[in-house]
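Enquirer: Provided below are the primary sequence and the corresponding predicted coordinates.
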2 protein chains.
Amino acid sequence: MGELPGQPDPARRSRTPLSRQRVLSAAVALADEGGADALSMRKIAQRLGVVPMALYKHVANKDELLDGMIDTVVGEIDPPVEGADWRSTVRLRVLSARRMLLRHPWAPAVIETRMKERPAPTPAVMAYLEGMIGVFRAGGFSLDLVHHAMHVMGSRLMGFSQELFTDSPSSAAASSPPPEEMAARYPNIAELAGAVAHEAGSVVGGGCDDQFEFEFALDLTLDGLERLRNAAATAD
Amino acid sequence: MGELPGQPDPARRSRTPLSRQRVLSAAVALADEGGADALSMRKIAQRLGVVPMALYKHVANKDELLDGMIDTVVGEIDPPVEGADWRSTVRLRVLSARRMLLRHPWAPAVIETRMKERPAPTPAVMAYLEGMIGVFRAGGFSLDLVHHAMHVMGSRLMGFSQELFTDSPSSAAASSPPPEEMAARYPNIAELAGAVAHEAGSVVGGGCDDQFEFEFALDLTLDGLERLRNAAATAD
DNA sequence: ACCTGAACACCGTTCAAGT
DNA sequence: ACCTGAACACCGTTCAAGT
């Protein structure tokens, strides 16, 4: 009663100190409500009862904020269930990812953009991929087939995995943890990345041919549609 | 030689009068070079040697500019080839769409965003869908199966067709052409929309169950992966 | 009637001035 | 040493003042 609405509450502000997680949560909530366009550093700060500059202690800039938001929502995807066959495990997980995207309608476009202009996957994305690869491997898929499958699933749901294994000179490796540490934390990803890198032999930049992977997924889809059409025709 | 670079050239400016198409072309070129973030009304105007306000004679605002840009690049997708079977026709067309998206890396995220917050398809998008439906129909697909196929292909490549046929109260119908005119111009879309609308009977808002369509496409994909795995296993 | 410059309400981020 | 307000260089768009 004694408070004006919209006025920051100094008591609340100092009780819960600002943290990276609190900044990211406020940003996600803001984007959920008004879309990515409604998101601004100034509005996040206002919602937290804080001066805009205070945010920069916890996120370097807006790009890093967006990366953190992606990591937050990808972390909401359920981990693979234990003890089920590969097919229902993948199915459940993809449906969980879809529910996440329905909760956060701004996410696909932001993921799409960020992945394209800086293909450095965040920890939660790495964990997602690691788990998915593990499920396929446990289901008896060869490394080669898992590679195709990851491209198929990636384009099925998000921009994930599109450019993940580009061991190209410039980008990724620089800021990433050293290979040994990565191999320990993400063994399935490391194994797959190694196989893909060696696969194409001496071709420069070799490894993953995006055009081939795209056509592979497209043909798999066309196969499925053709089978459905033929089944419907013979059923008449 | 007598010109300072970056200085607008009054002769050039008046020789070719501004037009909606020239504005859109400049916007697309700017986005191709620097991404969607580098796109601003002010920079487009500068590139055209024109004062920013002059653009508003040809596009109502930035949202309408983005819609126009989408229409422009979707219009670059090759039309269906004549006389080939449905499968190679669809294949060629999707590969053409992919080449377009590689030329315009900003397009997927922009399409994703615009389709989500205003699902009013532009003419070129309508023409793309119309052609694709026609190919499936000519290939012997039932209306029901074409509906599924469009969802499968849509999520395969872009956000297209995701929410296209929502005949929901609020949005679309208002600014669209009257039904008869649309039926004349896009007969395949009209037929499919009609079938989908009546399909689910008396269910409110009925017609297209997005969750069902998503799972349909997912299961089609999982079928394909399972078949590949089994083929690889028996080949050993 | 048309066109356009200045102005408004924003934005992300820098930086110097305060404590 | 830390924090932060003012300031800078942008942005989309309105609107009144010019022709």
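Expert: Sure thing, it's come through. Residues are numbered from 1 along each chain as shown, chains lettered A, B, ... in the order given.
Enquirer: rest of the way, CA atoms for contacts and neighbours
Expert: Will do.
Enquirer: below-threshold pLDDT in chain A: ranges please.
Expert: A:1-16, A:119, A:155-178, A:199-206, A:236 (pLDDT under 70).
Enquirer: please report phi then psi for the closest residue to DNA strand C within chain A.
Expert: Nearest to DNA strand C, among the residues of chain A, is residue A:40, at 3.0 Å (C-alpha to the nearest atom of the strand). Torsion angles at residue A:40 (phi, psi; degrees, to the nearest 10) stand at phi -150, psi 150.
Enquirer: what sits against residue A:20?
Expert: A:58, A:59 (C-alpha atoms under 8 Å, 6 or more residues apart in numbering or on different chains).
Enquirer: report the distance from stretch A:135-150 to the chain centre.
Expert: 19 Å (C-alpha atoms, centre = their mean, to the nearest Å).
Enquirer: let me redo that: stretch A:82-97
Expert: That offset, for stretch A:82-97, works out to 17 Å (C-alpha atoms, centre = their mean).
Enquirer: any idea which element residue A:208 lies in?
Expert: Under the criterion DSSP states H and E, no helix or strand holds residue A:208.
Enquirer: what number of residues lie near residue A:84?
Expert: Counted by other C-alpha atoms under 10 Å in any protein chain shown, the residues lying close to residue A:84 total 12.
Enquirer: look up how far residue A:63 lies from the closest residue to residue A:58 other than its chain neighbours.
Expert: Spatial nearest neighbour of residue A:58, excluding adjacent residues (C-alpha to C-alpha, 6 or more residues apart in numbering or on different chains): residue A:20 at 5.0 Å. Distance, residue A:20 to residue A:63, by C-alpha to C-alpha, to the nearest Å: 14 Å.
Enquirer: can you check residue A:180 too?
Expert: 28 Å.
Enquirer: ditto for residue A:41
Expert: 11 Å.
Enquirer: counting neighbours, go ahead and name the busier of these two.
Expert: residue A:41 (18 against 12).
Enquirer: neighbours of the closest residue to that one other than its chain neighbours, how many?
Expert: Spatial nearest neighbour of residue A:41, excluding adjacent residues (C-alpha to C-alpha, 6+ apart): residue A:52 at 6.4 Å. By the criterion of other C-alpha under 10 Å, residue A:52 has 15 neighbours.
Enquirer: contacting residues around residue A:52?
Expert: A:41, A:42, A:44, A:45, A:46.
Enquirer: try it again at 10 Å.
Expert: A:40, A:41, A:42, A:43, A:44, A:45, A:46 (C-alpha atoms under 10 Å, 6 or more residues apart in numbering or on different chains).
Enquirer: buried subset of these, written for PyMOL?
Expert: Those of the contacts of residue A:52 that count as buried under 16 or more other C-alpha atoms under 10 Å in any protein chain shown are selected in PyMOL with:
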select buried, chain A and resi 41+43+44+45
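Enquirer: farthest-apart pair in the contacts of residue A:52, please.
Expert: A:40 and A:46 (9.9 Å; C-alpha to C-alpha).
Enquirer: name the residues that touch stretch A:138-149?
Expert: A:84-87, A:89, A:132-137, A:151-152, A:154, A:161, A:188, A:191-196, A:199, A:208, A:212-214, A:216-217, B:221-222, B:224-226, B:228-230, B:232-233.
Enquirer: in helices only, show me those residues.
Expert: A:86-87, A:89, A:132-137, A:151-152, A:154, A:188, A:191-196, A:199, A:212-214, A:216-217, B:221-222, B:224-226, B:228-230, B:232-233 (DSSP state H).
Enquirer: which helix or strand contains residue A:116?
Expert: helix A:107-117.
Enquirer: what does residue A:27 give?
Expert: Going by DSSP H and E, residue A:27 is in helix A:20-34.
Enquirer: can you list the buried residues in that helix?
Expert: So for helix A:20-34, counting by 16+ other C-alpha under 10 Å, buried means A:23, A:24, A:25, A:26, A:27, A:28, A:30, A:31, A:32.
Enquirer: again with stretch A:79-96
Expert: Buried residues in stretch A:79-96 (16+ other C-alpha under 10 Å): A:80, A:86, A:87, A:89, A:90, A:91, A:93, A:94, A:95, A:96.
Enquirer: same check, this time on stretch A:49-68
Expert: So for stretch A:49-68, counting by 16+ other C-alpha under 10 Å, buried means A:49, A:50, A:55, A:58, A:59, A:65, A:66, A:67, A:68.
Enquirer: the third one reaches residue A:17, doesn't it?
Expert: No. Here residue A:55 does not reach residue A:17: they are 11.7 Å apart, not a contact under C-alpha atoms under 10 Å.
Enquirer: interface residues of chain A facing DNA strand C?
Expert: A:38, A:39, A:40, A:41, A:42, A:43, A:52, A:53, A:61, A:62, A:63 (C-alpha under 7 Å from any atom of the strand).
Enquirer: which of these sit farthest apart?
Expert: A:38 and A:53 (18.6 Å).
Enquirer: surely residue A:224 meets residue B:228?
Expert: No. Look at residue A:224 against residue B:228 with C-alpha under 10 Å: they stay out of range, at 12.0 Å.
Enquirer: what is in contact with those two at once?
Expert: residue B:222.
Enquirer: neighbour count: the two, which is higher?
Expert: Using other C-alpha under 10 Å, the more surrounded residue of residue A:224 and residue B:228 is residue A:224, with 19 against 15.
Enquirer: how distant is the helix or strand residue A:130 falls within from the center of its chain?
Expert: Element membership for residue A:130 (DSSP H and E) is helix A:123-138. Computed by C-alpha atoms, centre = their mean, the chain-centroid distance of helix A:123-138 equals 11 Å.
Enquirer: go on, stretch A:179-188?
Expert: On C-alpha atoms, centre = their mean, the centre of stretch A:179-188 falls 18 Å from that of its chain.
Enquirer: got the buried residues for stretch A:101-120?
Expert: Buried residues in stretch A:101-120 (16+ other C-alpha under 10 Å): A:101, A:104-116, A:119-120.
Enquirer: one step back: quick one: the helix holding residue A:27 near DNA strand D?
Expert: No. Helix A:20-34 lies out of reach of DNA strand D by C-alpha under 7 Å from any atom of the strand, never closer than 13.5 Å.
Enquirer: quick one: contacts of the helix or strand just after that helix?
Expert: Once helix A:20-34 ends, the next helix or strand along the chain (criterion: DSSP H and E) is helix A:41-47. By C-alpha under 10 Å, 6+ apart, the list of residues contacting helix A:41-47 from outside reads A:6-8, A:23-31, A:38, A:40, A:48-56, A:61-62, A:65.
Enquirer: swap the cut-off to 7 Å and go again
Expert: With contact meaning C-alpha atoms under 7 Å, 6 or more residues apart in numbering or on different chains, helix A:41-47 is reached by A:26, A:27, A:51, A:52, A:55.
Enquirer: and chain A, which residues reach chain B?
Expert: A:109, A:112, A:113, A:141, A:149, A:155, A:156, A:220, A:221, A:224, A:225, A:229 (C-alpha under 7 Å from any C-alpha of the partner chain).
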